[in-house]
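Participant: sequence first, then the predicted structure, then my questions.
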Amino acid sequence: MRVVTVEGECLPEAWERSIVSVWEEGIVVDTEYGDRSKDVTAIIIVRNPLQEPRVHLKGIVAGSLKGLFEYVDEVIKGIHDDMIERYEYTYHERLFSYRLPNGLTINQIEYIIQKLKKVPYSRRAQAITWQPWKDIKSEHPPCLQRMWCRVIDGRLVMEVTMRSNDALKASFMNMFAFTELQRYVASRIGVEAGAYVHIANSYHVYESDWKWAEKFVEQVKSGKSRRYWKSTEFLRKVARCT
């Protein structure tokens, strides 16, 4: 088992460093999908998660630039909640409308907001996704497990724990969407967003992506990868035109 910690000032910087770390320090393990992976436990710290540029083009794997912003709307606004029966869950449903076996629902994000408005230093402002009565039987249970928030020095810190995270093909979009949720929660509380900490128990690159990862790490080390860093507003304009 390897545990790596990386830091970056902005989201693209921290994500790039995390890819280098899993590629260089990861151990090879088998997976339940018949593919091996390079794997670490990763702690990724983004000191200023809303600082531009926020977008890394190599981290967008939704098929289009619009896909990144649709994913944000899926997490925060629940635009795909009507597809829960097909996909078993959405992060928005688990966070904003966590359904208990007795039919009751809990808006955990609203709980976090109200809790930190009253007690900014509370250690209890968290939300979970895991539902053991259904997820232990699922072939594709949620990767996101827990969000924990606290106001420190007048800024909202968010820490997120993933049980599993595809470093190349999922983690950047996860972090981008979750930091947009951090922005939303901070605005509702009336504070600025602080550091974002992304913890992945299994942060991995599948063997089928090893050539891609090796090439990308070379670009990062040479500095050429910085041409893929883009501002959010620039990408929004491009997405509207495509």
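Facilitator: Nice, thanks for sending it over.

Participant: for residue 184, which non-adjacent residue is closest in space?
Facilitator: residue 76 (5.8 Å; C-beta to C-beta, 6 or more residues apart in numbering). C-beta here means a position set from N, CA and C on the backbone, and glycine is covered the same way.

Participant: okay, and the beta partners of residue 46?
Facilitator: Assessed by DSSP bridges, residue 46 has beta-bridge partners residue 8, residue 196.

Participant: number of nearby residues for it?
Facilitator: Neighbours of residue 46 under the rule other C-beta atoms under 10 Å: 26.

Participant: which residues are in contact with it?
Facilitator: 7, 8, 9, 10, 11, 14, 175, 179, 195, 196, 197, 198 (C-beta atoms under 8 Å, 6 or more residues apart in numbering).

Participant: and the pLDDT at it?
Facilitator: Residue 46 is assigned 98 on the pLDDT scale.

Participant: how close does it sit to residue 142?
Facilitator: Distance, residue 46 to residue 142, using C-beta to C-beta, to the nearest Å: 22 Å.

Participant: from the contacts of residue 46, which would you call buried?
Facilitator: 8, 10, 11, 14, 175, 179, 195, 196, 197, 198 (16 or more other C-beta atoms under 10 Å).

Participant: the first one and residue 31: what is the separation?
Facilitator: Looking back up the chat, that one is residue 8. The span separating residue 8 from residue 31 equals 27 Å under the rule C-beta to C-beta.

Participant: just the fourth one next, same as before
Facilitator: Distance, residue 14 to residue 31, by C-beta to C-beta: 25 Å.

Participant: returning to what we had before: quick check on the residue nearest to residue 184: phi, psi?
Facilitator: As for residue 76, its main-chain torsions (degrees, to the nearest 10) stand at phi -90, psi -40.

Participant: shouldn't it be in contact with residue 181?
Facilitator: Yes. Taking contact to mean C-beta atoms under 8 Å, the distance of 5.6 Å between residue 76 and residue 181 places them in contact.

Participant: which residues does residue 108 contact?
Facilitator: Residue 108 makes contact with 95, 96, 98, 126, 127, 128 under the criterion C-beta under 8 Å, 6+ apart.

Participant: which of these are buried?
Facilitator: Neighbour-count burial within those applies to 95, 96, 98, 126, 127, 128; the criterion is 16+ other C-beta under 10 Å.

Participant: mind listing which of those residues are in strands?
Facilitator: Taking DSSP state E as the definition of strands, the buried ones among the contacts of residue 108 contribute 98, 126, 127, 128.

Participant: pLDDT for those - can I get that in JSON lines?
Facilitator: Output for those, formatted as JSON lines (pLDDT from 0 to 100):
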{"residue": "98", "pLDDT": "98"}
{"residue": "126", "pLDDT": "98"}
{"residue": "127", "pLDDT": "98"}
{"residue": "128", "pLDDT": "98"}
